[in-house]
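Undergrad: coords please:
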Amino acid sequence: PEILNNCSQLSSLPLQILLYVNGVYYIFYFLATLMMIVYKSQVFSYPNDFLAPDLLMLFIMAILEVPRLYFGSKGNLTEEEAPLGLSLVLTLGSVVLAVYFLAWQTYVLRADVILTALLLSTYGLESGLKVMAIAAFVS
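TA: Below you'll find the predicted structure:
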């Protein structure tokens, strides 16, 4: 077999692994946050005007997560900057929504803080790896 010396792979394995882990973790995050919102609505005097926005934000975040992970994975595997950059922009939206659940939702439990802090940490690490991958693709 002939060995190809000119074949260089620029896609990032750590980024691909983190995108997968984030996808799995987000499913857990979504279900846990949804259960906590239901719990809080039953245990605390949750104002009816605030229940719908909290649920809406969670579902918007879930809808945003699908293209964010898809474009991140596609951009990394095809070594294209545009999908990876779009995923990076969508990550900023996810970060804003995560901060909403960390600081601005009606009731914030310690479990909310822990789950969201972990999510934000993975978003930060993923964003750094995306920037490094884009830099590698451009050069």
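
Undergrad: mind listing the helices for this structure?
TA: Assigned by DSSP state H, the chain shows helices spanning 13-43, 48-78, 81-99, 110-138.

Undergrad: turn those into CSV, including mean pLDDT.
TA: Listed next are the helices of the chain as CSV, based on pLDDT from 0 to 100:
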stretch, mean pLDDT
helix 13-43, 96
helix 48-78, 95
helix 81-99, 97
helix 110-138, 97
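
Undergrad: okay, the ones you listed in a markdown table with mean neighbour count next?
TA: Just so you know, the C-beta spots here come from the backbone N, C-alpha and C atoms, and that holds for glycine as well. As requested, those are arranged in a markdown table below (neighbours: other CB atoms under 10 Å):
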| stretch | mean neighbour count |
| --- | --- |
| helix 13-43 | 16 |
| helix 48-78 | 17 |
| helix 81-99 | 18 |
| helix 110-138 | 16 |
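
Undergrad: can you give me the distance of the closest residue to L58 other than its chain neighbours to A82?
TA: The shortest distance from L58 to any non-neighbouring residue, by CB to CB, 6 or more residues apart in numbering, is to T33 (5.7 Å). T33 sits 31 Å away from A82, going by CB to CB, to the nearest Å.

Undergrad: got it, and S139?
TA: 16 Å.

Undergrad: cool, and F101?
TA: 29 Å.

Undergrad: kindly report the same for E126.
TA: Distance from E126 to A82, by CB to CB: 17 Å.

Undergrad: same check on V113?
TA: Taking CB to CB, one finds V113 at 35 Å from A82.

Undergrad: and for A117?
TA: Counting by CB to CB, the gap from A117 to A82 is 31 Å.

Undergrad: what's stretch 83-100 in contact with?
TA: 57, 60-61, 64-65, 67-72, 74-76, 116, 119-120, 123, 126-127, 130-131, 133-134, 137 (CB atoms under 8 Å, 6 or more residues apart in numbering).
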